[in-house]
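*Asks:* output the structure for:
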Amino acid sequence: MDKTSKKTVTLRQVAEHAKVSTSTASLVLNGKGDISQATRDRVHTAVSELDYRLKVTKSKSVSSLKLRFLKIAKHGQTVNRDHNHFISDYIDGMSIEASRRDYVLEVLTLNDTDLPSILEAIEGSDLGGVIALGTELSEEDIIALSKCGQCIVFIDTFFPFLEANFVNMDNDQTIFAVVSSFKKSGFKRIGFVGSHTNVANFKLREEAFHRACSKLDIQTSERDIFSVAATREEAYKQAKLHLEKADSIAEAYFCVNDIVAFGVMRALQELGYNIPFDVSVVGFDNLPMSSLLSPSLTTIDVPKQQIGSMAIRLIDDMIIAHATNPPIKALVTGKLIIRESSS
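*Replies:* Sure, this is the predicted structure:
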């Protein structure tokens, strides 16, 4: 659907686009009501697609600062429709915390964008701070945006050596839990399926996998470690090509995210392997489809609302301080969700 660009988008238009009532849309955007996850996802998708400016002021009598969340997709390999649910939870957490602290939160979607376009999107003297979805941002992007003069926090990415503010999932602790579960199951041959897509979290998870194996005295082999694309269809095709050429497979595979895991599971099943009796598969993200697969996917659940909320709190602290403070790097631990794809 074409985005509304010439006229201000109304809440009613958001509701119509999401096929819900205006009151339901309002409850979702203010973090209230007993509303299903599917409905919340539709509303937040409509917000992103229509570039609706989400206002969550706590009190009209108090002057509020404007915060802006940038949903950035540079190449769309990971920030796409498959992850709308993931990003909706980030927005939920930010919306609720912004309301508590009397900020106006805007959601701006930037698709197929570049650094100059992102820098243009954070201009404005009335802007108090920016939360940027950093999933597809490069190290160079983070450096440039950190020098923009705005209070800025990056979520869903992490660069340990950069002077910037990050809130991200704790890849090391969560992946250690995965590898520990493999060891408890008695697996001796453990594999890793990464992605050659340029995403910082993918690199962090591969490094965390090797550290966990080393810590637990598990030997890994290059034959059981390979990379695929991060889109569902290409992940499947490339995984199948790799696996059908292999003389044998690992007893268990940890996949860098759920989309990659979906492709690996499909490839394994088409090659005649039974999951989990012949091989276990674990993903990362706990996307809604994970529980609906056959077998259902064991995966890592990321506390997305908590990450979004924490980003707002960091911005608030920066604004209140009126000074340049040392960067803050916050990591939030996820939870291993055991389902049918692992034994």
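*Asks:* which SSE is immediately downstream of the least confident helix or strand in the chain by mean pLDDT?
*Replies:* Counting by mean pLDDT, DSSP states H and E, the chain has its least confident helix or strand at helix 22-29, which shows a mean of 74. Using DSSP states H and E, the helix or strand that follows helix 22-29 in sequence is helix 37-50.
*Asks:* what residues of that next one count as buried?
*Replies:* The neighbour-count check on helix 37-50 (16 or more other Cβ atoms under 10 Å) flags Thr39, Arg40, Asp41, Arg42, Val43, His44, Thr45, Ala46, Val47, Ser48, Glu49, Leu50 as buried. All C-beta spots, glycine's among them, are computed from the backbone N, C-alpha and C.
*Asks:* from those residues, which single one is nearest Arg189?
*Replies:* Asp41 (37.9 Å; Cβ to Cβ).
*Asks:* what about this structure, any weak spots by pLDDT?
*Replies:* Across the chain, the ranges flagged by pLDDT under 70 are 1-7, 23, 30-34, 54-64, 124-125, 322-323.
*Asks:* buried stuff in stretch 314-334?
*Replies:* Leu314, Ile315, Asp316, Met318, Lys329, Ala330, Val332, Gly334.
*Asks:* can you tell me how far Ala212 is from Asn168?
*Replies:* 17 Å (Cβ to Cβ, to the nearest Å).
*Asks:* would you agree Ile300 is in contact with Thr333?
*Replies:* No - Ile300 is not in contact with Thr333 according to Cβ atoms under 8 Å; the separation is 9.8 Å.
*Asks:* between these two, which contacts overlap?
*Replies:* Met169, Thr174 (Cβ atoms under 8 Å, 6 or more residues apart in numbering).
*Asks:* quick one: contacts for the nearest residue to Thr8 once chain neighbours are set aside?
*Replies:* Leaving aside its sequence neighbours, Thr8 sits nearest to Arg53 (Cβ to Cβ, 6 or more residues apart in numbering; 7.6 Å). Arg53 is in contact with Thr8, Val9, Glu106, Val107, counting by Cβ under 8 Å, 6+ apart.
*Asks:* I'd guessed the second one sits against Ser48; true?
*Replies:* No - assessed by Cβ under 8 Å, Val9 is found out of contact with Ser48, at 11.3 Å.
*Asks:* need phi/psi at the closest residue to Pro303 other than its chain neighbours.
*Replies:* Once flanking residues are discounted, Pro303 sits nearest to Val332: 5.2 Å by Cβ to Cβ, 6+ apart. Val332 adopts backbone torsions of phi -120, psi 130, taken as degrees, to the nearest 10.
*Asks:* from Leu29, how far out is Val332?
*Replies:* 23 Å.
*Asks:* isn't Ile307 right next to Asn168, touching?
*Replies:* Yes - Ile307 is within contact range of Asn168, at 7.2 Å (criterion: Cβ under 8 Å).
*Asks:* which residues are in contact with both of the two?
*Replies:* With Cβ under 8 Å, 6+ apart, Ile307 and Asn168 have common neighbours Ile155, Asp156, Val332.
*Asks:* of the residues you listed, just say which sits nearest to Leu216.
*Replies:* The closest of those, once distances to Leu216 are taken by Cβ to Cβ, is Val332, at 23.0 Å.
*Asks:* hmm, the closest one is touching Phe166, no?
*Replies:* No - the criterion here is Cβ under 8 Å, and Val332 misses it with Phe166 at 10.9 Å.
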